[in-house]
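[1] okay, here's the prediction I keep looking at, along with the sequence it came from:
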Amino acid sequence: MANTPSAKKAARKIARRTATNKVPRTRMRTFVRKVEEAIASGDKDAARSALEAAQPQIMKAATKGVVHRNTASRKVSRLAHRVNALA
């Protein structure tokens with residue numbers, strides 16, 4: 001446990017940030033999982049629509065600072081490649 005006042009404050013800040021970031025991160029992961037499930041089932045239309053729904057959520061998480069811009073772009077790119085490979 002934190003002993004110094006600055007360490008205690010840092011622990012409080014981390015707890016606040018974690019709570020703030022949890023909702024967008026979980027939402028992004030849920031949308032990504034839906035795309036991956038559609039890809040696994042082989043349903044191209046469902047995968048494409050799931051990707052269209054997931055892309056704004058992933059970018060929104062990047063805008064909020066939950067994930068890095070490049071990480072978000074990489075996720076979208078890789079999912080798009082996998083959806084396009086279903087053809």
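    Sure, I can see it. No experiment lies behind these values; they were computed from the predicted model shown. Numbering: from 1, shown residues only.
[2] quick check, pLDDT for the residue nearest the centre of the chain.
    Taking Cα atoms, centre = their mean as the criterion, Met28 is the residue nearest the geometric centre of the chain, at 3.4 Å. Per-residue pLDDT puts Met28 at 97.
[3] host element of it?
    helix 5-41 (DSSP states H and E).
[4] ok, then the element right after that helix?
    Next helix or strand after helix 5-41 toward the C-terminus (DSSP H and E): helix 44-64.
[5] what helices or strands is that following helix leaning on?
    If contacts are counted by 3 or more Cβ pairs under 8 Å, 6 or more residues apart in numbering; DSSP states H and E, helix 44-64 sits against helix 5-41, helix 69-84. For every residue, glycine as well, the C-beta is placed using N, CA and C.
[6] where's that helix relative to the chain centroid, distance-wise?
    From the chain centre to the centre of helix 44-64 is a distance of 9 Å (Cα atoms, centre = their mean, to the nearest Å).
[7] in it, which residues are buried?
    Across helix 44-64, burial judged by 16 or more other Cβ atoms under 10 Å covers 46-48, 50-51, 54-55, 57-59, 61-62.
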